[in-house]
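Asks: Need a 3D model of the following:
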Amino acid sequence: MPGAAIPTFDSETTEQTDLRGGRSPWLSQLEHVLHRPVTGDLRCDVLIVGCGITGALMAEKLTSQGLDVVVIDRELPGRGSTLASTSMLLWEIDRSLGELTAAYGFERAVRAYQASFDAVGGLKLLVQRLGLPCEMRARNSLYLAAGESAKELIEEHALRERAGLPGHFLDHKLLLTEFEMARAGAILSPGSADADPVQLAGALLQTAIMRGARLHQAEAVTFDPASGTVGVGLKDGATIEARHVVLATGYVMPAIVDATIHRASSSWAIATAPQPQNVWKDSVLIWEDSKDYLYARTTAEGRIIIGGEDSRDVIAPDARDALIPEKSRRLAERLGALWPRAKCDIDLNWSGTFDTTSDGLPLIGPVPGAKGVYAAYGYGGNGITFSYLAAQLIGGLIAGSSSPLLGDFALDRDGPESR
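Replies: Predicted structure coming up:
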């Protein structure tokens with residue numbers, strides 16, 4: 001097994017503002033979402049701990065299954081890491097298909113990629129079917145070569161073709177002609193999307209509440225899965241007894257979870273003023289073929305968002321936020337190099353702390369040694385995509401079905417370093 005992960009944040013002392021700094025474009029307000037204190041002991045089918053985007057997706061899914069759902073959060077809904085998300089709903093995973101194949105074999109790697117592809121499609125259909133207001137737009141993705149050679153991208157494209165995944169390879173000349181971007185090559189793929197993550201979380205929570213879900217302000221401090229149900233002790237002394245408990249606490253893991261392949265990382269992003277006349281072709285989602293990649297998108301009003309400059313060494317909130325001016329300057333320079341047509345004046349800038357796993361895959365499924373407790377952690381650049389997938393997998397588990405993906409995403413799995 002690999003060594004113990006560097007802790008993300010202390011679950012007892014971390015506040016929402018510790019998870020992000022600065023100001024992002026997602027200015028929607030969620031105060032209209034009912035968020036009442038707990039006034040006594042409660043019972044329910046499922047308790048969801050955390051009401052960011054992951055908890056909201058879980059609540060929608062489980063109420064759709066007719067379950068009695070309670071959602072708790074010690075702070076305001078959607079005000080933690082959700083507010084810092086750039087909400088690029090990519091199906092392409094932080095680790096390439098080639099890297100995952102080398103780590104786990106072709107079949108398992110393809111299973112993860114296909115599940116991610118299906119998850120984005122499923123999320124788009126859900127938003128359309130429920131009519132959720134969140135500025136969701138279907139988008140292609142452009143996976144750019146980061147160096148002087150496109151050799152690795154050509155190999156990746158061939159592997160994706162073998163797996164039946166959609167996409168086209170663009171050489172330097174075609175990329176320059178089609179997108180006016182001077183890189184060695186790129187893979188252009190359909191099937192992704194972008195959205196306003198705070199609006200999406202709020203709309204999902206409202207849907208769950210309309211179906212009977214109860215949303216409360218409360219802090220879970222103890223978990224007792226010893227009996228047929230799980231007893232969750234709250235900080236105010238009350239208890240919630242649930243048949244199932246789903247942990248959707250984002251980057252603040254409670255002590256009951258012991259996973260060793262995740263690690264905290266900070267990222268920074270900027271947004272320009274609206275300039276719809278200057279955005280690139282089709283507003284494709286852009287990211288790079290590198291470990292700590294640059295990523296970029298546009299918004300419905302024509303802002304350009306670009307992020308990156310990730311660091312695993314600077315995760316303390318004060319130190320991370322102190323770097324916002326310098327990181328913003330660098331990101332503006334990188335935007336100018338990527339897309340010279342852009343006006344690179346910074347209108348908004350922010351930082352966020354995110355967790356990554358050594359294989360780029362999420363942590364989803366039963367918590368070892370805690371019967372009835374499940375984890376829903378959608379880490380890395382695919383956070384919202386993996387959160388939707390977590391809702392489907394855990395909803396299936398509670399309904400009595402299973403999936404080989406639960407082994408692939410298990411909390412106690414061995415990462416690539418241990419193989």
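Asks: Break this protein down into its structural domains.
Replies: 16-84+198-260+360-418, 137-192+264-357 (automatic domain parsing).
Asks: beta partners of the residue nearest to Leu89 when sequence neighbours are not counted?
Replies: The shortest distance from Leu89 to any residue other than its chain neighbours is 4.2 Å, reached at Ala193 (Cβ to Cβ, 6 or more residues apart in numbering). C-beta: built from backbone N, CA, C; applies to glycine. In this structure, Ala193 bridges to Leu89, Ala138 when assessed by DSSP bridges.
Asks: What is the neighbour count of Ala193?
Replies: 23 (other Cβ atoms under 10 Å).
Asks: pLDDT weak spots in the chain?
Replies: The chain contains residues with pLDDT under 70 at 1-21, 28-34, 78-80, 417-419.
Asks: For the residue nearest to Leu89, give its distance to Gly250.
Replies: Using Cβ to Cβ, to the nearest Å, Ala193 is found at 21 Å from Gly250.
Asks: Am I right that His35 is in contact with Arg74?
Replies: No: His35 lies out of contact with Arg74 (Cβ atoms under 8 Å); the separation is 10.5 Å.
Asks: what is in contact with the two at once?
Replies: Gln217 (Cβ atoms under 8 Å, 6 or more residues apart in numbering).
Asks: quick one: what helix or strand has Ala102 in it?
Replies: helix 97-104 (DSSP states H and E).
Asks: buried stuff in that helix?
Replies: Leu97, Gly98, Glu99, Leu100, Thr101, Ala103, Tyr104 (16 or more other Cβ atoms under 10 Å).
Asks: which secondary structure elements does the next helix or strand after that helix contact?
Replies: Sequence order places helix 106-130 as the next helix or strand after helix 97-104, per DSSP H and E. Judged by 3 or more Cβ pairs under 8 Å, 6 or more residues apart in numbering; DSSP states H and E, the packing partners of helix 106-130 are helix 97-104, helix 151-163, strand 185-194, helix 197-210, helix 383-399, helix 405-408.
Asks: now the helices: where do they sit in the stretch 201-350 of the chain?
Replies: Ranges of helices in the stretch 201-350 of the chain, per DSSP state H, counting those that start in this stretch, are 317-322, 324-338.
Asks: Of those, give the one that comes closest to Ala375.
Replies: helix 317-322 (23.9 Å; Cβ to Cβ).
Asks: Span of stretch 362-374 from start to end?
Replies: 13 Å (Cα to Cα, to the nearest Å).
Asks: Other residues contacting it?
Replies: So stretch 362-374 is contacted by 223, 225, 229-230, 242-247, 256-259, 262, 357, 375-380, 382, 386, 389-390, 393-394, 397-398, 405-406, 409-412 (Cβ under 8 Å, 6+ apart).
Asks: Also stretch 143-157?
Replies: Stretch 143-157 is contacted by residues 92, 96-98, 167-169, 171-172, 181, 183-189, 286-290, 293-294 when judged by Cβ under 8 Å, 6+ apart.
Asks: can I assume the residue nearest to Leu89 is in contact with Met136?
Replies: Yes: shown here, Ala193 and Met136 form a contact pair, counting by Cβ under 8 Å, at 5.8 Å.
Asks: where do the contact lists of these two overlap?
Replies: The contact lists of Ala193 and Met136 share Leu89, Lys124, where a contact means Cβ under 8 Å, 6+ apart.
Asks: What number of neighbouring residues does the residue nearest to Val110 when sequence neighbours are not counted come out with?
Replies: Distances taken as Cβ to Cβ, 6+ apart place Ala163 nearest to Val110, at 4.4 Å, with adjacent residues excluded. Residues lying near Ala163 (other Cβ under 10 Å) number 17.
Asks: OK, contacts around Ala163?
Replies: Leu97, Phe106, Ala109, Val110, Tyr113, Gln114.
Asks: repeat that for 7 Å
Replies: The contact partners of Ala163, taken as Cβ atoms under 7 Å, 6 or more residues apart in numbering, are Leu97, Val110, Tyr113.
Asks: Tell me the one among the residues you listed nearest to Met58.
Replies: Closest to Met58, out of all of the contacts of Ala163 and judged by Cβ to Cβ, is Tyr113, at 23.0 Å.
Asks: thinking that closest one is in contact with Leu165, fair?
Replies: Yes: with contacts defined as Cβ atoms under 7 Å, Tyr113 counts as touching Leu165 at a distance of 6.1 Å.
Asks: Who has more neighbours out of the two?
Replies: Shown here are Tyr113 and Leu165; by other Cβ under 10 Å, Tyr113 has more neighbours (23 against 20).
Asks: How much space separates that one from Val252?
Replies: Distance of Tyr113 to Val252, computed by Cβ to Cβ: 29 Å.
Asks: Next, count neighbours for Val38.
Replies: The burial count for Val38: 20, using other Cβ under 10 Å.
Asks: Which residues are in contact with Glu280?
Replies: Slight slip there: residue 280 is Trp, not Glu. So Trp280 contacts Phe179, Trp339 (Cβ under 7 Å, 6+ apart).
Asks: In contact with Ser96, which residues?
Replies: Glu156.
Asks: try it again with 10 Å
Replies: Ser96 is in contact with 102, 109, 113, 143, 152-153, 155-156, 159-160, 187, 289, 360, counting by Cβ atoms under 10 Å, 6 or more residues apart in numbering.
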